[in-house]
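S.K.: Take this sequence and fold it.
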Amino acid sequence: MKPQPVICRPEAFYLFADQLNHLDETDALVRAAVAVSMHPLDKVDLDGLFDTLRGYAEVVRSRVRTKRVEAVLAHLHQVLFEDAGFRGDQRDYYNPQNSYLPEVLRRRTGIPITLTLVYKAVAERVGLRVEGINAPGHFLARIHDQTGPILVDPFFRGQMLTPVEALERLAQISGRSIPADTRLLRTANHVQWLARMIANLQAIFSATNQAQNLAAMNELQLLLSQASGL
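M.R.: So this is what the prediction gives:
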């Protein structure tokens, strides 16, 4: 029997469910992330959101004159972090708006995991290969280049980091000692990426006693777990 929503808005629930069979695709991950936001948000323009992502990519492509990764990255970062001004919300980090992808695109402000998803969705449209890094207390992007991986921190306006610098960043954010172990910089598959986004909202809604929103996130978490075997 096909799962049915109880608390979650049906349009959010069914859009989320529809993405789970092809979640290896970045656009499916984006749609699933948008679906998560469609329970609390009244109006979400999915087509408009993809138009925005494509628009950023088109601007980058119009400026690139070479296929060198360093050049593409330079233009990508100029467009996203300088021209558009995407940045991490350090003053109101736990505002749920920072976890809703449509609001992150509208406000150009978010938390590491949503900003990294915006970064990935645009970067892959200009030919880059991007993975999410599911680090403790933080989330980063890894760009693959012939010369080796490049770590990027979209929360801090696209700062490029070495693995050692990335571990130092984790220690700085957590306020505690972090072992010098690059296994902490593990790749997140799309299921893990989505699960962490939902878990962030579950924690926020639990802490703020938003029972209906928490129940809706629990339904989406269960749906994801059943589909992926988590």
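S.K.: what about Phe156, how many neighbours?
M.R.: As a burial measure, Phe156 scores 17 neighbours (other Cβ atoms under 10 Å). For the C-beta atoms, the positions are set from N, CA and C on the backbone; glycine is no exception.
S.K.: hang on, it packs against Asp89?
M.R.: No. Taking contacts as Cβ atoms under 8 Å, Phe156 lies outside contact range of Asp89: 11.8 Å.
S.K.: got the buried residues for stretch 11-27?
M.R.: By neighbour count on 16 or more other Cβ atoms under 10 Å, the buried set for stretch 11-27 is Ala12, Phe13, Tyr14, Leu15, Phe16, Ala17, Gln19, Leu20, Leu23, Thr26.
S.K.: what's the farthest-apart pair in those?
M.R.: Distance extremes for the buried residues of stretch 11-27: the farthest pair is Phe13 and Thr26 at 21.6 Å, using Cβ to Cβ.
S.K.: quick revisit: now secondary structure too, for the buried residues of stretch 11-27, in a markdown table please.
M.R.: Listed next are those as a markdown table, based on DSSP: H, G, I helix; E, B strand; the rest coil:
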| residue | secondary structure |
| --- | --- |
| Ala12 | helix |
| Phe13 | helix |
| Tyr14 | helix |
| Leu15 | helix |
| Phe16 | helix |
| Ala17 | helix |
| Gln19 | helix |
| Leu20 | helix |
| Leu23 | coil |
| Thr26 | helix |
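S.K.: out of these, who's nearest Asp45?
M.R.: For the buried residues of stretch 11-27, the closest approach to Asp45 (Cβ to Cβ) belongs to Leu15, at 13.0 Å.
S.K.: which residues touch Val122?
M.R.: Listed by Cβ atoms under 8 Å, 6 or more residues apart in numbering, the contact partners of Val122 are Leu53, Tyr56, Ala57, Val60, Leu76, Val79, Leu80.
S.K.: Show me the helices in the protein, by range?
M.R.: Counting by DSSP state H, the segments of the chain that form helices are 10-19, 26-38, 46-63, 69-77, 101-107, 112-123, 163-174, 190-207, 211-228.
S.K.: Give me whichever of these is most buried.
M.R.: The highest average neighbour count among those, using mean count of other Cβ atoms under 10 Å, belongs to helix 112-123 at a mean of 26.
S.K.: From the buried residues of stretch 11-27, pick the one nearest Pro5.
M.R.: The shortest separation between Pro5 and any of the buried residues of stretch 11-27 is 3.8 Å, and it belongs to Phe13 (by Cβ to Cβ).
S.K.: Report how many residues lie close to the nearest residue to that closest one once chain neighbours are set aside.
M.R.: When the adjacent residues along the chain are set aside, Phe13 lies closest to Pro5, with 3.8 Å between them (Cβ to Cβ, 6 or more residues apart in numbering). The number of residues packed near Pro5 is 18, by other Cβ under 10 Å.
S.K.: need the helix or strand of the protein with the lowest average pLDDT.
M.R.: For the chain, the helix or strand with the lowest mean confidence is helix 163-174, at a mean of 89 (criterion: mean pLDDT, DSSP states H and E).
S.K.: The closest residue to Thr182 other than its chain neighbours and Gly148: what is the separation?
M.R.: Sequence neighbours aside, Pro163 is the residue nearest to Thr182 in space, at 5.0 Å (criterion: Cβ to Cβ, 6+ apart). For Pro163, the distance to Gly148 (Cβ to Cβ, to the nearest Å) stands at 10 Å.
S.K.: I am finished for the moment; much appreciated.
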